[in-house]
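Novice: sequence unavailable; structure follows:
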DNA sequence: TCATTTAATAGACTAAAGTCTCACAAGCAA
DNA sequence: TTGCTTGTGAGACTTTAGTCTATTAAATGA
């Protein structure tokens, strides 16, 4: 991306790594809100300005640290084995919830930070929110192809409602567990006729 | 609630009103994040401490001001005329979205504030989030009673998914319009058979 | 009237985010 | 080597949230 034009002192990658490690450790120990930027820089043994040289806000730094550490968080659900889309969706949601629960407070704070910073919001949405929304949308389209979901349904809307449901639970301190994964999946796939 | 035991200087209700009015005006003019507590107090012609005597945070004050001004925001949907629950839901959502769009940035900031303050989160959830969730849940139960929605469906889960969908849109800068209201309603009520 | 109680005002104080400056360090090219 | 460029370290500075204190104001009851 940003190509180095000529010389100049190279950025110290160890400083970046130390900052990410310090941020992750302090945030998990004390909670996102309790950790100051100065404390992260001090823990990493680096000047505050060095942190600001790499990230605009604490949120940018912590988001990068969290997602880097958790191996980009949740893999694309596998469609290629014998499982039905319904089962794949439920297992995928269970997997996502496990990761969400690990850094739950941090993720809430990151979503909060995205509300007060349009630049961070855009980058967060582009790099993390949208890709995951697309995973579910793709899975639902696949379900339609396989006749597991009616053609009359709206995969984009369902995807929004699924993600919305767990954002809502996340932000409102509700449970993110296997029960929720099952209830969502049931609501999406199980379609009893109108007259019971 | 808090009963006055005996004497003491009474709280000046005009100060409360002036603070709410100043907060609402400044927040709508400049955006929630740009308005400092000191500026609100100054605009209201009142000492900063007076504000802290009544509200714990800027979020508490602004939330009260916004919801007070908009007449508690969105009325319980009327079930008593000839409309189907489906139509009532769609109209209710359109109405809610209109209100949300008016103070959209402010509401995003309030949700953000709720993530960094457990006390405010609890009060926000109890007084504003849960009552609205219950409105939709009640409407869906009514729809089941009227056989407009299958008994096999899960009204609590659907309500969470509906609210989730527009929280997700709200927080991710998506459109909150009649189209969304229709798509949600369709997804909830229209249940084509599995084989198209 | 006077004591008591609670609110309001003004201002000091701390902690933190964010910006800025300046000296120094570490590369590059002529 | 010398200059150029860019990163780093240290610290000053501003703004704001939030807390605290002392003083004054407005009510009640004896």
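Specialist: Yes, it's here. Worth saying up front: this structure is predicted, and the values here are computed from it rather than measured. Numbering: from 1, shown residues only, chains lettered A, B, ... in the order given.

Novice: so where's chain A uncertain?
Specialist: A:1-6, A:71-75, A:78-79, A:191-196 (pLDDT under 70).

Novice: same thing but at 90, please
Specialist: Counting by pLDDT under 90, the ranges of chain A that qualify are A:1-8, A:67, A:69-82, A:190-196.

Novice: tell me the centre residue of it?
Specialist: residue A:128 (5.3 Å; Cα atoms, centre = their mean).

Novice: my guess is that residue meets residue A:67, correct?
Specialist: Yes - here residue A:128 reaches residue A:67: they are 6.8 Å apart, a contact under Cβ atoms under 8 Å. C-beta here means a position set from N, CA and C on the backbone, and glycine is covered the same way.

Novice: buried residues in stretch A:178-192?
Specialist: For stretch A:178-192, the neighbour count (16 or more other Cβ atoms under 10 Å in any protein chain shown) marks A:180-181, A:183-189, A:191 as buried.

Novice: could you do stretch A:81-91 as well?
Specialist: Quick answer for stretch A:81-91 (16+ other Cβ under 10 Å): A:85-86, A:88-91.

Novice: got those residues as CSV, with distance to chain B and secondary structure columns?
Specialist: Below are the buried residues of stretch A:81-91 laid out as CSV (distance: Cβ to the nearest Cβ, whole Å; DSSP: H, G, I helix; E, B strand; the rest coil):
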residue, distance to chain B, secondary structure
A:85, 12, helix
A:86, 11, helix
A:88, 17, helix
A:89, 14, helix
A:90, 14, helix
A:91, 18, helix
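
Novice: just give me the closest of those to residue A:29.
Specialist: residue A:91 (31.5 Å; Cβ to Cβ).

Novice: quick check: closest non-adjacent residue to that closest one.
Specialist: If the residues on either side of it in the chain are set aside, residue A:91 comes closest to residue A:77, at 7.3 Å by Cβ to Cβ, 6 or more residues apart in numbering or on different chains.

Novice: neighbours of that neighbour, how many?
Specialist: Counted with other Cβ atoms under 10 Å in any protein chain shown, the neighbours of residue A:77 add up to 21.

Novice: what does the one 3 residues further on give?
Specialist: The burial metric for residue A:80, expressed as a neighbour count using other Cβ under 10 Å, is 6.

Novice: just the element for it, please.
Specialist: Per DSSP states H and E: residue A:80 is located in neither a helix nor a strand.

Novice: any idea how far residue B:18 is from it?
Specialist: Using Cβ to Cβ, to the nearest Å, residue A:80 is found at 65 Å from residue B:18.

Novice: and chain A, which residues reach DNA strand D?
Specialist: By Cβ under 7 Å from any atom of the strand, the residues of chain A that approach DNA strand D are A:5-12, A:15, A:45-50, A:53-54.

Novice: please redo it, this time with the cut-off set to 10 Å
Specialist: A:2, A:4-16, A:18-19, A:38, A:41-42, A:44-54 (Cβ under 10 Å from any atom of the strand).

Novice: and for residue A:177, nearest residue in space, chain neighbours not counted?
Specialist: residue A:97 (6.4 Å).

Novice: tell me which element the one you found falls in.
Specialist: helix A:85-102.

Novice: before we move on, what about residue A:133?
Specialist: Using DSSP H and E, residue A:133 falls within helix A:130-145.

Novice: give me the number of residues near residue A:17?
Specialist: 13.

Novice: same check, this time on residue A:166
Specialist: Other residues close to residue A:166 by other Cβ under 10 Å number 22.

Novice: could you pull up the residues touching it?
Specialist: A:93, A:96-97, A:100, A:176, A:180, A:184, B:164 (Cβ atoms under 8 Å, 6 or more residues apart in numbering or on different chains).

Novice: ok, residue A:21 next?
Specialist: A:44, A:65.

Novice: quick one: the helix or strand harbouring it to chain centroid distance?
Specialist: Assigning secondary structure by DSSP H and E places residue A:21 in helix A:13-30. Mean C-alpha position of helix A:13-30 versus that of the full chain (Cα atoms, centre = their mean, to the nearest Å) differs by 19 Å.

Novice: ok, stretch A:179-193 next?
Specialist: 23 Å.

Novice: which residues are contacting it?
Specialist: Contacts for stretch A:179-193 (Cβ under 8 Å, 6+ apart): A:85-86, A:89-90, A:93-94, A:97, A:140, A:143, A:148-150, A:158, A:162, A:165-166, A:169, A:174, B:150-154, B:157-158, B:161, B:191-194.

Novice: how about the contacts made by residue A:114?
Specialist: A:59, A:120-121, A:124-125, B:171.

Novice: returning to what we had before: so which elements touch the helix holding residue A:97?
Specialist: helix A:130-145, helix A:155-171, helix A:178-189 (3 or more Cβ pairs under 8 Å, 6 or more residues apart in numbering or on different chains; DSSP states H and E).

Novice: buried ones in the first one, by neighbour count?
Specialist: Going by neighbour count (16+ other Cβ under 10 Å), the buried part of helix A:130-145 is A:132-133, A:135-137, A:139-140, A:142-144.

Novice: tilt between it and helix B:155-171?
Specialist: Our comparison of helix A:130-145 with helix B:155-171, counting by axes from the mean of the first three to the mean of the last three Cα atoms, to 10 degrees, yields an angle of 130 degrees.

Novice: and the last one, by the same measure?
Specialist: Angular relation of helix A:178-189 and helix B:155-171 on a 0 to 180 degree scale: 90 degrees, by the same axes, to 10 degrees.

Novice: off-centre distance for helix A:178-189?
Specialist: The chain centre lies 20 Å from the centre of helix A:178-189; the measure is Cα atoms, centre = their mean.

Novice: quick one, it and helix A:85-102 angle?
Specialist: Going by the same axes, to 10 degrees, helix A:178-189 makes 140 degrees with helix A:85-102.
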